[in-house]
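In: Quick one: sequence and predicted model below, then my questions.
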Amino acid sequence: MILTSRLVQCARAATFAAGAILAFSTEPAAAADAAAGKTVFQRQCQTCHIDSAEGPKRLGPTLFGVIGRKTGQVESFRYSEANKNAGWIWTSEKLEDYLKNPRAVIPRTTMAFAGVRQDADRANLIEYLKTLK
Ligand code: HEC
């Protein structure tokens with residue numbers, strides 16, 4: 001009886017460990033680097049977006065606080081109907097899809113941007129966007 005319960009405990013521990021390893025290996029954010037992401041932002045987004053709450057008007061809305069924000073919510077910015085009505089909350093996962101190919105996610109967006117091609121650049125950029133709060 002004691003032996004069986006030990007075996008059960010042991011099996012549970014092994015399952016837990018396997019789960020932890022799996023979670024770790026499938027989590028790209030673990031290796032993402034916000035400082036490198038800031039450089040990606042400066043190179044690819046900054047011409048159209050600011051990263052602070054207040055600042056000069058640019059072609060796109062500020063990305064300050066974008067993660068956790070619903071689509072199309074920056075009051076001073078005139079969005080397209082497509083972006084405004086997309087209706088989801090921007091999460092890391094949603095941004096991962098959108099930044100890979102914006103038009104695939106919001107087909108009628110007025111954001112004239114083809115996407116961030118490199119997987120690592122996107123991961124780092126999203127890590128940087130997380131710091132904008
Ligand atoms: C050529 C200008 C331009 C560039 C470059 C650009 N954007 Fe945009 N972005 C826009 C415009 C314009 C919109 C609003 C689109 C609309 O209303 O359809 C927008 C919208 C967005 C939104 C939706 C915001 C919201 O409040 O719903 C996100 C997120 C975004 N851009 C992220 C980025 C990131 C990250 C980069 C850099 C990789 C980038 N954009 C590069 C112009 C640009």
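Out: Good, I have the coordinates. It should be emphasised that the depicted structure is a prediction, and the values quoted were computed from it without experimental measurement.

In: Next to the ligand, which bits of the protein? Give me the list.
Out: Within reach of the ligand by Cβ under 6 Å from any ligand atom, the chain has these residues: 44-45, 47-49, 59-61, 63, 66, 71-74, 79-80, 82-83, 90, 99, 109-113, 116, 125. The way it works is simple: take the backbone N, C-alpha and C, and place the C-beta from them, glycine included.

In: Quickly list the domain ranges of the protein.
Out: Using automatic domain parsing, the domain parsing of the chain gives 1-31, 32-130.

In: Would you mind giving these as CSV with mean neighbour count added?
Out: Putting the domains of the chain into CSV (neighbours: other Cβ atoms under 10 Å) gives the following:
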stretch, mean neighbour count
domain 1-31, 10
domain 32-130, 16
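
In: Let me see the mean pLDDT of the host helix or strand of Thr39.
Out: In this assignment (DSSP states H and E), Thr39 forms part of helix 34-44. Averaging pLDDT along helix 34-44 yields 98.

In: tell me how far that helix is from the chain's mean position?
Out: 13 Å (Cα atoms, centre = their mean, to the nearest Å).
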